[in-house]
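Asker: Sequence first, then the predicted structure:
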Amino acid sequence: MTPQPKRRHSKSRTRQRRAHDGLSAVKIVRCKSCRQMRLAHRVCPNCGVYAGRQVLSVEENA
């Protein structure tokens with residue numbers, strides 16, 4: 001036989017346990033060099049600049 005709980009968990013206790021399960025929104029910021037929206041703490045996919053330095057060479061696809 002498997003052990004069973006003696007009492008049910010209250011809604012408050014269950015919700016307190018699940019308080020850390022929520023997802024946070026993605027942080028989007030504006031690139032300082034090209035003014036396009038990009039993910040925070042990532043290289044800009046439009047211009048290739050990160051922290052004020054050119055780290056990727058981006059080719060024009062036009």
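Answerer: Looks like it arrived, so ask away.
Asker: Does the spatially most central residue of the chain belong to a helix, a strand or coil?
Answerer: Centroid-nearest residue in the chain, with Cα atoms, centre = their mean: residue 26, separated by 4.0 Å. At residue 26 the chain is in coil, as set by DSSP: H, G, I helix; E, B strand; the rest coil.
Asker: Nearest residue to it in space, please, no chain neighbours.
Answerer: residue 39 (6.7 Å; Cβ to Cβ, 6 or more residues apart in numbering). C-betas here are computed from N, CA, C, even on glycine.
Asker: Figure out how far the helix or strand of the chain with the lowest mean pLDDT is from the centre of its chain.
Answerer: Every helix and strand of the chain was ranked by mean pLDDT, DSSP states H and E. The lowest is strand 53-54, at a mean of 92. Put simply, strand 53-54 sits 23 Å off its chain's centre (Cα atoms, centre = their mean, to the nearest Å).
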